[in-house]
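Engineer: Please find the sequence and the predicted model below.
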Amino acid sequence: MSDVERTLVLLKPDAVRRGLVGTVIGRYEAKGLALAALELRRIDAAMADRHYADHVEQPWYPPLREFITSGPLVAMVIEGPAAIEVVRAMNGATNAAVAVPGTIRGDLALSNRENLVHASDSPESAEKELGLWFPNLG
């Protein structure tokens with residue numbers, strides 16, 4: 001199928017800390033998406049800065065860097081038809097206070113920063129982020 005895509009998904013430290021990794025992965029799999037790669041890892045400030053390069057000058061970025069480096073996270077490559085759009089819709093709005101019920105953030109997230117998941121927002125960002133997180137992926 002020509003609409004099969006790959007996207008990066010990060011299960012952030014709050015998802016790992018709260019024991020929600022299996023729950024969130026199960027939601028993606030139940031939708032029909034597939035895992036192409038998965039790795040539990042910790043990142044340092046330099047990796048956070050590379051990942052969030054467009055945001056490092058924002059006043060809200062230092063607390064985000066502190067959060068994303070605060071514990072282990074799960075980096076995944078998810079693939080399937082229109083995976084980028086589907087995953088973003090499943091994740092819900094970034095701010096958990098306005099994320100609708102039925103979305104991952106709407107059902108499970110606590111705040112705007114501790115919002116469980118990150119996903120690439122476009123084919124261009126998916127290509128960039130997948131290259132950063134999984135440079136040896138075929």
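Structural biologist: On my side now, so go ahead.
Engineer: hey, let's count contacts and neighbours off CA atoms from now on
Structural biologist: Fine.
Engineer: all strands of the protein, in order?
Structural biologist: Here the chain has its strands, by DSSP state E, at 4-11, 34-41, 73-81, 117-119.
Engineer: Which strands border the third one, and is each parallel or antiparallel?
Structural biologist: Paired strands of strand 73-81, with direction, are strand 4-11 (antiparallel), strand 34-41 (antiparallel) (DSSP bridges).
Engineer: tell me the contacts of the residue minimising distance to the centre of the chain?
Structural biologist: By C-alpha atoms, centre = their mean, the chain has its centre lying nearest to H118, at 2.3 Å. H118 is in contact with 8-12, counting by C-alpha atoms under 8 Å, 6 or more residues apart in numbering.
Engineer: How about T94?
Structural biologist: Counting by C-alpha under 8 Å, 6+ apart, T94 makes contact with 105, 112, 115.
Engineer: same thing but 10 Å
Structural biologist: 88, 105-106, 109, 111-118 (C-alpha atoms under 10 Å, 6 or more residues apart in numbering).
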